[in-house]
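Undergrad: what's the 3D shape of this:
(chains A and B)
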Amino acid sequence: MSSSVQSPPPVVVPAGTTAGTAIRDAGLAGKGPDAIVVVRDPDGRLRDLAWAPGSEVQVQPVAADTDDGRGVIRHSCAHVLAQAVQQLFPEAKLGIGPPVADGFYYDFDVERPFTPDDLQALEKRMKQIIKGAQRFARRALESVDAAREELAAEPYKLELVDIKSDVDTAEVMEVGDGELTVYDNLDPRSGEAVWGDLCRGPHVPTTKHIPAFKLMRTAAAYWRGSEQNPQLQRIYGTAWESQEALDGYLERLAEAERRDHRRIGAELDLFSFPEEIGSGLPVFHPKGGIIRREMENYSRQRHEESGYEFVNTPHIAKSGLFHTSGHLPYYADTMFPPLSFEGEDYYLKAMNCPMHHLIFRSRGRSYRELPLRLFEFGAVYRYEKSGVVHGLTRARGFTMDDSHIYCTPEQAPGELRSLLRFVLDLLADYGLSDFYLELSTRGEGGKFIGSEKEWEEATETLRRAAIDSGLELVPDPGGAAYYGPKISVQAKDAIGRSWQMSTIQVDFNHPKRFELEYTAADGSHQQPVVLHRALFGSMERFFGVLTEHYAGAFPAWLAPVQAVGIPVADEHLEHLQQVAKALRAKGIRVQVDASDDRMQKKIRNHTTQKVPFLLIAGGKDVAAGAVSFRFRDGSQINGVPVDRAVAEIADWVARKENVSPSAENFEADG
RNA sequence: GCCGCCUUAGCUCAGUCGGUCAGAGCGACGCACUCGUAAUGCGUAGGUCGGGGGUUCGACUCCCCCAGGCGGCUCCA
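TA: The predicted structure is shown next:
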């Protein structure tokens, strides 16, 4: 997201003067994408332009095309939406209406859900309101009682007033800072209040300062985020500093839709979700199977090189095992119901760890064996609620590239550091390079087991490893698994979206529950530390993320079909068959298109299938013992000698180049 | 699980007010064409309109239930 190239210099606001006047006197923009919409006071608080400080202060002007500026525009736009809703649906009660990433929403309690037609009508009314240049005017309420009186008809707002002390968060914009304020929308001519809303602000000066907006969709949302509360109807919208910025945003959404792995998976014949199998249970077609196999093979190789040992475990086990692990007591509702036979309940496994622990425990272990690193592509099944299943990124059956590292407490810090390095290196090999880390720690509630001290130690160990990596570290309080804290690696894809990939967890709980132990050098029996880690999260999710990252144009080493020979005419087929044979001998997945289609059609077909190397041969090429390259981007290199073409393709694939080959970066004509 | 929307040929979609509306493009298949960088032409096959129940003289169309999908909420070991 672009923002002002450089922020404007600070502005001095004399006592008794409004910030807006000072801004104007300083010659800063009052309209356009870089219009100043609010200012930041010396305490870091955003203030309306109508704010007039009691004594002289220096403020930082905030332009529309900054993150803060957009946030204010969006928040103001949410007010305009609420006004429009209450005009068109007078019975609507207001929930909350904060800005969010890329937009805003407002929740309403209404008789019936909004329809697409309603959204159109609301947009129209909002445009009228914006055109009307209503002024946003801040007004402090005398007291809580005065607030209750004023908001008598708004039950949800009343609730916020009553609990205001504990909802002072970024999302609840309504109240804050020990003072209750209302923003009135004033008619510019009469000065009369047309509409008002409990709100801490700040806002743009007038509705005219909302240059571009669009209502996006409706959804239901629980009041204050709890399933126990009534569901309100939420309207999502977006607002930007200019029409161009809005268009740019809509284009980014369109691009994300074109990259959607569910769409590309069907277009490229990679995988599907047969209804007959069940929701959230993918099958991989041959082409998807090749990509998956390549992904797995490389990962396997790297793990072997890094001292992992490979194990295999079954998909179901008796209930006792999951009682021991703690899954059934704590997470029974996310496991599939049991199969009962021979007087036993068998559960599909939701995690591989219990099985791996049993392998560790299968015989006495010596400290000399540690760290013991067990690895498995282990399929797990989780009962995800019907509303959350989403393509490959949220499935009910998936394969974790799971491993459990058993080590001594002394080994743990070093093991964690090298583990994190290993994880980041391997992700980079697949073309992801923009990461940040999240540290999930213990929160309130009975979900967490183990002593405070254990948690503290484990959290510190993780934190140190995370800090050593040099990456940005985002805290996630309360996000830990029940048995220990975790680091997760978030990777950004080609269009800037973040995905949770790897998780690394310290577990001091399972060693106890499973009575894991090793014999130390002094002959004593000690409990190992267990590190859980899934590098890709799940193979399916990683597959989906890579698909979207590359928009289906997979690196040549992963591409299901790496090269296709296209003859100009049938008489050139034989020549290409020879080229294909040579490529196949080098392990390249190559086809020759001998169909009845015209050459142009073949080029189109294989281009839309995102084949990295198209090898075209006509009379000239045959005569010269050459082929002509055409790449995904349409660029060409003509007349490359066959030997050289074969060697360069094989080398490109062997190097695991992640960019798409093109005339510019492919060394075949040198 | 909750709210809303959606489901018509392999894919993408059209189908008015309940009654000649079972339709198109792509794909598949067949025939002709043999061509130098993103769609050659002609033809053929393919659907009990997601499944089940109901209303009606009559249902792709209206109602109910179920399944699957989409967007959110909640959740995510």
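
Undergrad: Any regions of chain A where pLDDT drops low?
TA: The model of chain A has pLDDT under 70 over residues A:1-6, A:164-178, A:445-447, A:668-670.

Undergrad: rerun that using 50 as the cut-off
TA: Residue ranges of chain A with pLDDT under 50: A:1-4, A:165-168, A:170, A:670.

Undergrad: okay, now the domains of it?
TA: Domain assignment for chain A by automatic domain parsing gives A:11-63, A:68-254, A:271-549, A:563-654.

Undergrad: max-length helix in chain A?
TA: Longest helix in chain A, counting residues (DSSP state H): helix A:67-88.

Undergrad: Who does whatever helix or strand comes next after it pair with, and is each partner parallel or antiparallel?
TA: Using DSSP states H and E, the helix or strand that directly follows helix A:67-88 along the chain is strand A:93-94. Partners of strand A:93-94 in the sheet, by DSSP bridges, are strand A:103-109 (antiparallel).

Undergrad: The strand it pairs with near RNA strand B anywhere?
TA: No. For strand A:103-109, no contact with RNA strand B is found by C-beta under 7 Å from any atom of the strand; the gap never falls below 7.7 Å. In short, each C-beta sits where N, CA and C put it, glycine included.

Undergrad: starting at the chain centroid, how far to the longest helix of chain A?
TA: With C-alpha atoms, centre = their mean, to the nearest Å as the basis, helix A:67-88 stands 26 Å off its chain's centre.

Undergrad: Next, the angle from it to strand A:103-109.
TA: 30 degrees (axes from the mean of the first three to the mean of the last three C-alpha atoms, to 10 degrees).

Undergrad: buried ones in helix A:67-88?
TA: In terms of neighbour count (16 or more other C-beta atoms under 10 Å), helix A:67-88 has its buried residues at A:68-87.

Undergrad: which residues does A:Arg24 contact?
TA: A:Gly30 (C-beta atoms under 8 Å, 6 or more residues apart in numbering).

Undergrad: quick one: secondary structure of it?
TA: Secondary structure, DSSP: H, G, I helix; E, B strand; the rest coil: A:Arg24 is helix.

Undergrad: Spit out the contact partners of A:Phe322.
TA: A:Leu328, A:Met335, A:Tyr347, A:Lys349, A:Ala350, A:Pro354.

Undergrad: let's see 7 Å
TA: Neighbour list for A:Phe322: A:Leu328, A:Tyr347, A:Pro354 [criterion: C-beta atoms under 7 Å, 6 or more residues apart in numbering].

Undergrad: cool, A:Phe377 as well?
TA: Per C-beta under 7 Å, 6+ apart, neighbours of A:Phe377: A:Glu296, A:Thr399, A:Asp401, A:Met539.

Undergrad: Of those, just the buried ones, ChimeraX syntax please.
TA: Selection of buried members from the contacts of A:Phe377 for ChimeraX, criterion 16+ other C-beta under 10 Å:
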select /A:399,401,539
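
Undergrad: Just checking the distance from stretch A:502-509 to the centre of its chain.
TA: 21 Å.

Undergrad: still on that earlier bit, which residues are contacting the longest helix of chain A?
TA: A:3, A:37-38, A:46, A:62-64, A:92, A:94, A:97-99, A:103-104, A:106, A:108, A:121-122, A:125-126, A:129-130, A:136, A:173, A:183, A:185, A:195, A:197, A:202-204, A:207, A:209-210, A:213, A:235, A:237, A:239-241.

Undergrad: Tell me which of the residues you listed fall in helices.
TA: A:Ala121, A:Leu122, A:Arg125, A:Met126, A:Ile129, A:Ile130.

Undergrad: right, is the longest helix of chain A up against RNA strand B?
TA: No. For helix A:67-88 and RNA strand B, the contact criterion (C-beta under 7 Å from any atom of the strand) is not met; the two come no nearer than 14.7 Å.

Undergrad: Kindly report the same for stretch A:549-563.
TA: No. With C-beta under 7 Å from any atom of the strand as the threshold, stretch A:549-563 lies outside contact range of RNA strand B, at a closest distance of 9.8 Å.

Undergrad: ok, now which ones touch the residue of the stretch 201-350 of chain A at minimum distance from RNA strand B?
TA: Closest contact between the stretch 201-350 of chain A and RNA strand B, by C-beta to the nearest atom of the strand, is at A:Thr334 (2.3 Å). Neighbouring residues of A:Thr334 by C-beta under 7 Å, 6+ apart: A:Ala350, A:Arg382, A:Tyr383.

Undergrad: Just give the closest residue to A:Asn665, not the sequence neighbours.
TA: Excluding its sequence neighbours, the residue lying closest to A:Asn665 (C-beta to C-beta, 6 or more residues apart in numbering) is A:Val659, at 6.4 Å.

Undergrad: and that neighbour, how many neighbours does it have?
TA: A:Val659 is flanked by 14 other residues according to other C-beta atoms under 10 Å.

Undergrad: returning to what we had before: could you dump the longest helix of chain A to CSV, C-alpha only?
TA: What follows is helix A:67-88, C-alpha atoms only, in CSV (Å, rounded to 0.1, in the frame of the first residue of the first chain):
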residue,chain,number,x,y,z
ASP,A,67,-2.3,4.1,6.9
ASP,A,68,-3.6,6.4,9.7
GLY,A,69,-5.3,8.7,7.2
ARG,A,70,-7.1,5.8,5.5
GLY,A,71,-8.1,4.5,8.9
VAL,A,72,-9.8,7.8,9.6
ILE,A,73,-11.5,8.0,6.2
ARG,A,74,-12.8,4.4,6.7
HIS,A,75,-14.1,5.1,10.2
SER,A,76,-15.9,8.2,8.9
CYS,A,77,-17.3,6.2,6.0
ALA,A,78,-18.6,3.7,8.5
HIS,A,79,-20.6,6.5,10.2
VAL,A,80,-22.0,7.5,6.8
LEU,A,81,-23.0,3.9,6.3
ALA,A,82,-24.7,3.8,9.7
GLN,A,83,-26.6,7.1,8.9
ALA,A,84,-27.7,5.7,5.6
VAL,A,85,-28.9,2.5,7.2
GLN,A,86,-30.9,4.3,9.9
GLN,A,87,-32.5,6.5,7.2
LEU,A,88,-33.5,3.5,5.1
